[in-house]
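Enquirer: sequence first, predicted coordinates after that:
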Amino acid sequence: MRELRYREALREAMLEEMERDERVFLMGEEVGHYQGAYKVSEGLLEQFGERRVVDTPIAEAGFAGVGIGAAMAGLRPIIEFMTWNFSFVAFDQIISNAAKVHQMSAGAIKVPIVFRGPNGAAKQVAAQHSHSCAPFYTNIPGLYVIQPSTPRDAKGLLKSAIRSNNPVIFLEGETLYGVKGEVPDEGVEELIPIGESRLVRPGADCTIVTWGRPYYTVLAAAEKLSGEGIDCEVVDPRTLRPLDTRLMVESVKKTNRCVVVHEHWPYGGPGAEIVDRLQREAFDYLDAPLERVTGLDVPMPYALNLEDKVLPTEERVIDAVKRVAYAS
Amino acid sequence: MMMVMRRFEEEAARNYAKGKIGGFLHLYIGQEAIAVAATEVLEERDYIFQTYRDHGIALARGMSPKAGMAELFGKDTGCSRGFGGSMHFFDVDRGFLGGWAIVGGHLALAAGTAFKSKYAGEDSVTVCFFGDGSINIGGFHEAMSLAGLWKLPVVFICENNQYAMGTPLERTSPLKDLSIKAKGYGMVGDRFDGHDVEVVQARISKAVERARTGGGPTFIEVLTYRFRGHSMSDPAKYRTTTELEQRKQQDPITVVREKLMGLGVDESALDDIDLEVDEEIDEAVRFADDSPPAREDLMMITAMAPEGES
């Protein structure tokens, strides 16, 4: 194993898949000559040329649709949104076209396409640039939704996403791009299957389900709680649609309590879905109500002190765990 | 072929009234010459996209009236196995990539298949139809922008039937001549009348040839008229009977019939064709009636495509 940054892991995934399959190409704003707004695609233009690393004008609906059409005709596009906030102007393309045509054509047309880019809050980019988008896309049958937390998951899942025969929503994190983590050595190919959760940290007293940016908040909180004698087990679903509840259900059967921690707003979405499934699949094992720690139910304010309040904090995670453990 | 399309849709309207067809049903009656002309020009390897007013082009491309009618009836033998309905006909083997029902949403898809042709170095062409109701929405603008920028092998055909649902063009656009929009996207524009199939064919042919030989996209405005309402629920009160009757003087089927008779074709020969078409459409209705319903067991498994090599 070696250490890579999250952005480097993503770049390797694209590079390897583009080398492997001529049908794969990258398209988006500033992906080529600018080297990527967040430098994820750095160097790819030099290696693959303008035919396969395609800079676009600012026209998300246009190039998302071009990607879908190209996928319908047999190519395997990777469409980069500079941020997922800009995907809303391409929403119709993703919802009405990419997610629908396979069934609408009774299986005659496949759309092997990946939409990827940074998701969620960065730092002080305010209300229009801080959306955590999983709830919008997880609601849609016809899509896969992946939100990797670590460099290793980012690489292994992006490779699987590119090889998938379906449209994949791939939610990265701007604040995660610089995070370092272990990734298999060069020449060791790892494809992480879509729809498999991962046991991150074993523990006996309380289950925490989390993904994306709060993953790191949770790990820090778990360390602190461990010092106070509360041993947390952490499960990362990694893929939000389809949702693999197997590990989290097993975990809750053991710990009898669970806190779900996510960045997206509390109303609906994968967080609420997980709580719904756990209460049905592990009802007899629960010793406390299921709790959630979420982004607060407001548009993201600009000021740093307010933004810090909105995003899930270690403190809020610790409080929630103590509540379900009746330890506060 | 125009008679097949006409009779197919007249029969569809009757069966809609009988409750055998559900949802929305948008008829192409009056516009048939355009679909016939365009498909005459295209090769097997070419791609076609259309809006929800899609029965005509599908039949012109070679879909059987049986597969079309069965789809309207929601049957497993339909061209989309009962998953699409009137607005979502598909015939992938013939390069017909669908009826699409969000106005302006399919233009970028057409640019996408054209992108694939260019990417793969193929000489296939994409033809994309849409109505005058599409020209103000963002989807139109973005698809035209990218197709023009990248000189994609696509022909955009605006079938201007004068009404965006119930709103006449003069209340939706400051332009009388929509084809001048082409210039703003760096592509060639053309504009002509759509009731004479020979004229339409000659003009579309030029645009398709341009696309096939690397000359980039064309934006065509074809002036046409639909004789029925926007959909079955529309009595078309926004236009006068006089206007409609005047337009019917230019029915593309009458035009071609008179032309053929002028060339010495015997009227009884044309009547015989009509009878054959009647029989073919009756047969399609019987087929649709007798076909098994759409399959429940396919519903959950077709939401996603199977994984594995492809």
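Expert: It's in. The structure displayed is predicted, hence computed values, not measured ones. Residues are numbered from 1 along each chain as shown, chains lettered A, B, ... in the order given.

Enquirer: so who does the residue nearest in space to the middle of chain A touch?
Expert: Closest to where the C-alpha atoms of chain A average out (CA atoms, centre = their mean) is residue A:147, at 1.2 Å. Contact analysis of residue A:147 by CB atoms under 8 Å, 6 or more residues apart in numbering or on different chains lists A:119, A:134, A:171, A:211-212, A:238-240. Every C-beta, even on glycine, is put in place using the N, C-alpha and C of the backbone.

Enquirer: that one - nearest residue in space that isn't next to it in sequence?
Expert: residue A:171 (4.2 Å; CB to CB, 6 or more residues apart in numbering or on different chains).

Enquirer: hang on, isn't that neighbour packed against residue A:145?
Expert: Yes: contact criterion CB atoms under 8 Å: residue A:171 and residue A:145 qualify, at 7.0 Å.

Enquirer: what are the boundaries of the helices in chain B?
Expert: Ranges of helices in chain B, per DSSP state H, are B:2-17, B:32-41, B:55-60, B:65-72, B:107-119, B:138-149, B:181-184, B:197-212, B:241-248, B:252-262, B:267-290, B:296-301.

Enquirer: enumerate the residues of the stretch 101-250 of chain B near chain A.
Expert: Listed as neighbours of chain A in the stretch 101-250 of chain B under the rule CB under 8 Å from any CB of the partner chain: B:102, B:105-117, B:119-120, B:138-139, B:142-143, B:145-146, B:149.

Enquirer: what's the neighbour count on residue B:176?
Expert: 9 (other CB atoms under 10 Å in any protein chain shown).

Enquirer: how near is it to residue B:247?
Expert: Computed as CB to CB, to the nearest Å, the residue B:176 to residue B:247 distance reads 17 Å.

Enquirer: can you list the domains in chain A?
Expert: Per automatic domain parsing, the structural domains of chain A span A:2-183, A:198-324.

Enquirer: make CSV out of those domains and add distance to residue B:154 and mean pLDDT.
Expert: Formatted as CSV, these follow (distance: least, CB to CB, whole Å; pLDDT from 0 to 100):
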stretch, distance to residue B:154, mean pLDDT
domain A:2-183, 10, 98
domain A:198-324, 33, 98
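
Enquirer: of the ones you listed, give the one that comes closest to residue B:196.
Expert: Residue B:196 sits nearest to domain A:2-183 of all the domains of chain A, at 31.5 Å, using CB to CB.

Enquirer: residue contacts, the residue nearest to residue B:281 when sequence neighbours are not counted?
Expert: Leaving out its chain neighbours, the residue that sits closest to residue B:281 by CB to CB, 6+ apart is residue B:7, at 4.5 Å. For residue B:7, the contacting residues are B:277-278, B:280-281, by CB under 8 Å, 6+ apart.

Enquirer: and the residue of the stretch 101-250 of chain B closest to chain A?
Expert: residue B:112 (1.8 Å; CB to the nearest CB).

Enquirer: which ones are touching the closest residue to that residue other than its chain neighbours?
Expert: Computed as CB to CB, 6+ apart, the closest residue to residue B:112 that is not its neighbour in sequence is residue A:69, at 1.8 Å. By CB under 8 Å, 6+ apart, the contact list for residue A:69 reads B:108-116.

Enquirer: rewinding a little: need the residues touching each of residue A:171 and residue A:145.
Expert: Common contact partners of residue A:171 and residue A:145 (CB under 8 Å, 6+ apart): residue A:134.
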